[in-house]
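Colleague: give me the fold of what follows.
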Amino acid sequence: MTDTRIRSLRARQILDSRGRPTVEVDVTLADKSAGRASAPSGASVGAAEAHELRDGDPARYAGQGVLRAVANVNGEIAAGLRDFDASEQGVIDARLRELDGTPQLRRLGGNAILPVSIAACRAAASARGQELYERIAELTQTDRPTLPLPMTNILSGGMHAGRGMDIQDFLALPLRAESIDEAIHLVARVRSAATEVARERGLPTLLADEGGLGPGLATSRDALQMMVASIERAGLRPGEDIAIAVDLAASALKGPDGGYRLAREGLDLGPAEMMSMMEGWLTEFPVVSIEDGLDQEDWVGWKELSARLGHRLQLVGDDLFATNPQRLARGIREGIANGLLIKANQNGTLTGTLEVIAQAKAAGYATIISARSGETEDVFMSDIAVGAAAGQIKIGSLRTTGTVAKYNQLLRIGSRSGAMFSGIGALAGRR
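Modeller: Sure thing, here's the model as predicted:
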């Protein structure tokens with residue numbers, strides 16, 4: 001028998017993919033097994049997310065330092081978890097929430113608590129001789145771990161690319177792929193082709209936060225046309241081999257009058273006009289998934305949008321649901337959306353994240369494990385996607401180490417696990 005009691009926690013400040021500080025934690029057990037994890041960070045942040053604790057010292061990383069969160073791990077959290085059994089994930093995570101004592105983890109910081117939660121799970125998996133995805137499957141009682149369908153960033157705007165475009169992300173989904181290897185190869189072809197198209201058109205080829213291109217196109221229609229051109233340049237068929245997903249991040253477009261300001265296009269749209277714009281995309285382009293099409297608090301508008309378009313495509317809530325069980329429960333009751341992003345740092349603990357996945361699945365919602373714009377080389381989201389059989393994953397593009405590491409983890413798992421590939425059956429709204 002291994003002794004999986006927690007003996008020590010040690011946190012440090014490291015840098016994420018945007019060069020901003022974040023928290024990394026090592027957990028060591030009594031039997032010397034160990035686990036490490038780090039906290040990602042978002043740019044488009046929902047109001048209901050777990051709180052990121054920053055130092056606010058302008059002399060250190062422009063106020064973005066996380067030394068207070070590090071101190072909370074090394075002090076109060078380490079003392080509060082000593083001798084707790086890391087194999088009891090639910091108990092560990094309940095203790096972490098108890099120590100913080102606030103709904104959004106504002107006291108100790110979600111960026112302190114999440115890496116402790118994940119690192120403890122990794123340490124327990126190591127003690128059992130398991131891969132992390134195998135431990136996740138055990139925790140979720142998943143009989144058949146599944147490799148997810150990737151949703152890959154190709155073009156970026158919004159807060160991911162200095163607002164060079166109003167809409168935040170345009171992504172590629174490999175519809176015809178029958179394996180994770182083929183899926184990644186297909187989207188890699190589109191990403192490379194997009195660079196060629198941008199160069200030919202004299203557009204910038206600089207990378208946005210998640211590794212996509214930030215071409216600074218004037219309209220969403222221009223971006224969708226460029227997506228189609230990139231798919232065709234890759235020798236693929238739009239709508240058959242590759243489909244398009246769009247992340248509007250509409251809360252970031254919301255104006256004080258309740259409308260939406262598309263500054264690059266010089267447009268001011270009301271909720272009904274936003275819906276009409278999205279509906280127009282479906283008639284002209286192979287769009288199969290739309291994320292955060294309306295503001296995170298416009299529940300009335302979301303209900304109308306869902307009734308209008310939910311039978312035609314995947315409608316995804318990110319800021320709307322914030323990996324929060326109460327917000328998701330409301331969406332389920334009111335028939336809002338049919339899919340949601342799962343971001344562990346929105347929730348704050350691994351147990352809470354897995355519970356939201358189970359809640360969504362029970363209601364028939366598509367679940368998409370998602371990265372943040374500020375990532376590290378930690379690949380835990382890939383293991384969650386496989387172990388919990390989430391069905392889809394939204395990592396970013398195939399360009400930066402923080403995102404490529406996660407694609408590589410999927411390839412590793414695929415090569416040695418025998419897990420099936422979910423394919424397009426994981427998409428919601430395809431009737």
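Colleague: need phi/psi at Glu210.
Modeller: Glu210 has phi and psi values of phi -100, psi 10 when expressed as degrees, to the nearest 10.
Colleague: please disregard the earlier target; I meant Ala360.
Modeller: Dihedral angles (degrees, to the nearest 10) for Ala360: phi -70, psi -40.
Colleague: can you tell me the closest non-neighbouring residue to it?
Modeller: Here the nearest residue to Ala360 in space, its sequence neighbours aside, is Thr367; by CB to CB, 6 or more residues apart in numbering that works out to 5.1 Å. Heads up, the C-betas are built off the backbone N, CA and C, glycines and all.
Colleague: what kind of secondary structure is that neighbour in?
Modeller: Classification of Thr367 using DSSP: H, G, I helix; E, B strand; the rest coil returns strand.
Colleague: looking at this, Ile154 is in a strand?
Modeller: Yes - using three-state DSSP, the assignment for Ile154 is a strand.
Colleague: now the helix ranked longest in the chain, how far from the centre of its chain.
Modeller: Counting residues, the longest helix found in the chain (DSSP state H) is helix 180-200. Remark: helix 180-200 is offset 21 Å from the chain centroid, using CA atoms, centre = their mean, to the nearest Å.
Colleague: gap between the residue nearest to Ala360 and Leu354?
Modeller: Counting by CB to CB, to the nearest Å, the gap from Thr367 to Leu354 is 11 Å.
Colleague: tell me the bridge partners for the spatially closest residue to Leu427 that is not a sequence neighbour.
Modeller: Of all residues not flanking Leu427 in the chain, Gln314 sits nearest, at 5.3 Å (CB to CB, 6+ apart). Beta-bridge partners recorded for Gln314 (DSSP bridges): Ser289.
Colleague: number of residues surrounding Gln314?
Modeller: 27 (other CB atoms under 10 Å).
Colleague: I figured it hits Leu340, correct?
Modeller: No - Gln314 lies out of contact with Leu340 (CB atoms under 8 Å); the separation is 10.2 Å.
Colleague: now do the shared contacts for those two.
Modeller: Common neighbours of Gln314 and Leu340, using CB atoms under 8 Å, 6 or more residues apart in numbering, are Ala366.
Colleague: list the contacts for Ile136?
Modeller: Contact analysis of Ile136 by CB under 8 Å, 6+ apart lists Cys121, Thr142, Leu354, Asp383, Ile384, Val386, Gly387, Ala388.
Colleague: wait, what's in contact with the last one?
Modeller: By CB under 8 Å, 6+ apart, the residues touching Ala388 are Ile136, Ala137, Thr140, Thr142, Leu354, Ile357, Thr367, Ile369.
Colleague: cool, the third one as well?
Modeller: Residues touching Leu354, when contacts are defined by CB under 8 Å, 6+ apart, comprise Ile136, Leu139, Thr140, Ile384, Ala388.
Colleague: try 10 Å this time
Modeller: 89-90, 93, 136, 139-140, 142, 342, 344, 347, 384, 387-388, 390 (CB atoms under 10 Å, 6 or more residues apart in numbering).
Colleague: next one: it from Pro238, what distance?
Modeller: Using CB to CB, Leu354 is found at 36 Å from Pro238.
Colleague: equivalent analysis for the fifth one, please.
Modeller: Taking CB to CB as the measure, Ile384 and Pro238 are separated by 31 Å.
Colleague: ok so Leu328 is a strand residue?
Modeller: No - with three-state DSSP as the criterion, Leu328 is helix rather than part of a strand.
Colleague: surely it is in contact with Thr353?
Modeller: No - with contact defined as CB atoms under 10 Å, Leu328 does not reach Thr353; the gap is 11.9 Å.
Colleague: ok, the two, which is more surrounded?
Modeller: More crowded of Leu328 and Thr353, by other CB under 10 Å: Thr353, with 25 against 22.
Colleague: that one: which element?
Modeller: Thr353 is part of helix 350-362, with elements assigned from DSSP states H and E.
Colleague: using CSV, write out every CA atom in that helix.
Modeller: C-alpha atoms of helix 350-362 as CSV (Å, rounded to 0.1, in the frame of the first residue of the first chain):
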residue,chain,number,x,y,z
LEU,A,350,-10.9,19.8,-10.3
THR,A,351,-13.8,18.3,-8.5
GLY,A,352,-16.0,21.3,-9.3
THR,A,353,-15.0,21.2,-12.9
LEU,A,354,-15.7,17.5,-13.3
GLU,A,355,-19.1,18.0,-11.6
VAL,A,356,-20.1,20.6,-14.2
ILE,A,357,-19.1,18.3,-17.0
ALA,A,358,-21.3,15.6,-15.6
GLN,A,359,-24.2,18.1,-15.1
ALA,A,360,-23.9,19.3,-18.7
LYS,A,361,-23.8,15.8,-20.1
ALA,A,362,-26.8,14.7,-18.1
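Colleague: any idea of the mean pLDDT for that helix?
Modeller: The predicted model gives helix 350-362 an average pLDDT of 98.
Colleague: still on that earlier bit, joint contacts of Thr367 and Leu354?
Modeller: Ile342, Ile384, Ala388, Ala390.
Colleague: check the gap between the first one and Ile369 for me.
Modeller: Going back to what we said before, that points to Ile342. For Ile342, the distance to Ile369 equals 5 Å [CB to CB].
Colleague: alright, calling it a day.
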